[in-house]
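J.: 3D model of this:
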Amino acid sequence: MKVQNGNVRLSDAVRDASTTLSTEDGVRRSFLGGFESTSGENSFQDGKWLGDELHAESRNGSVRICFDNEADSSSSGRFNPFNLFGKLFSL
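T.: Prediction:
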């Protein structure tokens, strides 16, 4: 994850399930999941990770990472024009 002029926000569930491996030059490398259980031979081939990866980068904004089944509490209390128009026009 790399952010300039912003920040990285992890949901509580993602934060609880992740391990920060390093932070250097504005880049944070983390592992999501059971880090101890992935040290076996099936996780690496020729020194390369075989699992899924997520690369997130922003230059003038924030990055929020959460699981897709989590409720989005980051937008609570914010103005949402679609919600307003939906209520006005019964959309």
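J.: what about stretch 14-34, how long is it end to end?
T.: Start and end residues of stretch 14-34 are separated by 12 Å (C-alpha to C-alpha, to the nearest Å).
J.: I would like the residues contacting it, please.
T.: With C-beta atoms under 8 Å, 6 or more residues apart in numbering as the test, stretch 14-34 has contacts from 1-4, 8, 10, 35, 38, 54, 65-67. Using the backbone N, CA and C atoms, a C-beta is placed for each residue, glycine as well.
J.: Make TSV from those and add pLDDT and distance to Arg28 to it.
T.: Output for these, formatted as TSV (pLDDT from 0 to 100; distance: C-beta to C-beta, whole Å):
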residue	pLDDT	distance to Arg28
Met1	81	5
Lys2	82	8
Val3	79	9
Gln4	81	13
Val8	83	7
Leu10	87	10
Phe35	68	15
Thr38	59	19
Leu54	83	12
Ile65	86	11
Cys66	87	16
Phe67	87	18
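J.: Among these, the buried ones, what's the PyMOL command?
T.: Buried residues among those (16 or more other C-beta atoms under 10 Å), as a PyMOL selection:
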select buried, resi 1+3+10+65+66
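J.: ok, the contacts of stretch 14-34 vs Phe44, which is closest?
T.: Thr38 (8.6 Å; C-beta to C-beta).
J.: ok so, going back, among the contacts of stretch 14-34, name the ones in strands.
T.: Using DSSP state E, the subset of those located in strands is 2-3, 8, 10, 65.
J.: Could you identify the most distant pair in these?
T.: Taking C-beta to C-beta as the measure, those span a maximum distance of 14.5 Å, between Lys2 and Leu10.
J.: Distance to Ser18 for the ones in strands among the contacts of stretch 14-34 - can I get that in JSON lines?
T.: Formatted as JSON lines, the ones in strands among the contacts of stretch 14-34 follow (distance: C-beta to C-beta, whole Å):
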{"residue": "Lys2", "distance to Ser18": "16"}
{"residue": "Val3", "distance to Ser18": "16"}
{"residue": "Val8", "distance to Ser18": "11"}
{"residue": "Leu10", "distance to Ser18": "7"}
{"residue": "Ile65", "distance to Ser18": "9"}
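J.: sorry, back to before: Lys48: which of the contacts of stretch 14-34 is nearest?
T.: Taking C-beta to C-beta as the measure, Lys48 sits nearest to Thr38 out of the contacts of stretch 14-34, at 13.2 Å.
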